[in-house]
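Peer 1: Any chance you could fold what I've pasted below:
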Amino acid sequence: MSETSPGISIEARAVSPAWMKVERARHAKRPYPMDLIERLFTDFSEIHGDRAYSDDEAIACGLARFHGEEVMVIGNRKGGSTKERVRRNFGMPNPEGYRKALRAMKFAEKFGRPVITFIDLPGAFPGLGAEERGQAEAIARNLREMARLRVPTIAIISGEGGSGGALALAVADRVLILENALYFVITPEACAAIMWRDAAHKERAAEAMRITAQEVRELGCVDDIVPEPAEGAHSDPDGATALLDSCLSYHLAQLKAMTVDQMIAARQQKFRQIARFYTEE
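Peer 2: Numbering: from 1, shown residues only. The predicted model follows:
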């Protein structure tokens, strides 16, 4: 039986370009942050706990080596099976996850290790317990502290980069985004529910929000786009990793050539200019 409803043409049901990017970013076989970390780095040694409440299993932090150089790696964990996804809170961090990440960043700063973060989350966990334990404060503290870290920082948006939950790991010298990844303040479904009172308008919202890699690059929200294999990262994870490796190496070398003061000044100036706009009278 045809899935096309009577009276609706194939052309009318065509998927919008922006929504195609959303589907690729959410593809079930797309490499998650930990998949990329395992391929890119060696000698990963995980750090647990925030020394205040608990160990958030939605966030992984640890020392590792990138082409022989010691770095601090941070990424959110989404989980493969349904059971593991529940355990990882579907990749959405609680405040203790952001505090653990900040603890790792401060450790890296103390010992002069570059910080590299990987982001694939629709947002921070909005549950009652998270709010009671200071979700907003944890995110705000990360924003402030990342802005003045005295080591090179690179953030990589590999899937979905959602709202403050993503930004708390992305105030970096270089923000890279994979070709089919997204960067947004709210999901298209949620935007549609607010704007048109119907989540079915999600494709329309995705087009209007300008959330694709190319569009957020034009807006100045990211610094570089990492190309993917023709059919997307899920079609060739090793090929996607090789492309990311090359881009990461290039930007890390650039940052290491700068003095600490130059690096921090450039980082802060970049974020001051994001979202600026002008009107003509």
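Peer 1: Is the residue lying closest to residue 95 once chain neighbours are set aside in a helix, a strand, or coil?
Peer 2: Using Cβ to Cβ, 6 or more residues apart in numbering and skipping the chain neighbours, the partner closest in space to residue 95 is residue 138 (3.7 Å). Any C-beta I mention is one placed from the backbone N, CA and C, and that applies to glycine too. Per DSSP: H, G, I helix; E, B strand; the rest coil, the secondary structure class of residue 138 is helix.
Peer 1: can you pull the contacts of residue 138?
Peer 2: 95, 96, 98, 99, 102, 168 (Cβ atoms under 8 Å, 6 or more residues apart in numbering).
Peer 1: do you know how far the residue lying closest to residue 187 once chain neighbours are set aside is from residue 185?
Peer 2: Among residues not flanking residue 187 along the chain, residue 122 sits closest, at 5.6 Å (Cβ to Cβ, 6+ apart). Using Cβ to Cβ, to the nearest Å, residue 122 is found at 11 Å from residue 185.
Peer 1: any idea where the strands of the chain begin and end?
Peer 2: Using DSSP state E, the strands assigned to the chain run over residues 42-47, 59-66, 69-76, 115-121, 153-162, 174-178, 182-184, 224-226.
Peer 1: wait, what's in contact with residue 202?
Peer 2: Counting by Cβ under 8 Å, 6+ apart, residue 202 has contacts 19, 22, 188, 189, 191, 192.
Peer 1: what's the closest non-adjacent residue to it?
Peer 2: residue 188 (4.4 Å).
Peer 1: so how far is residue 75 from the one you found?
Peer 2: 24 Å.
Peer 1: before we move on, what about residue 183?
Peer 2: 16 Å.
Peer 1: burial count for the residue nearest to residue 187?
Peer 2: 21 (other Cβ atoms under 10 Å).
Peer 1: And the pLDDT at it?
Peer 2: According to the prediction, residue 122 has pLDDT 91.
Peer 1: Over to residue 81?
Peer 2: Value for residue 81, per-residue pLDDT: 81.
Peer 1: Ranking helices and strands of the protein by mean pLDDT, which lands last?
Peer 2: Taking mean pLDDT, DSSP states H and E as the measure, the chain has helix 82-87 as its least confident helix or strand, at a mean of 86.
Peer 1: I'd like to know which elements that helix is packed against.
Peer 2: For helix 82-87, there is no helix or strand it packs on, judged by 3 or more Cβ pairs under 8 Å, 6 or more residues apart in numbering; DSSP states H and E.
Peer 1: burial measure for residue 268, as a count.
Peer 2: Residue 268, neighbours per other Cβ under 10 Å, totals 13.
Peer 1: Check the gap between it and residue 146 for me.
Peer 2: 11 Å.
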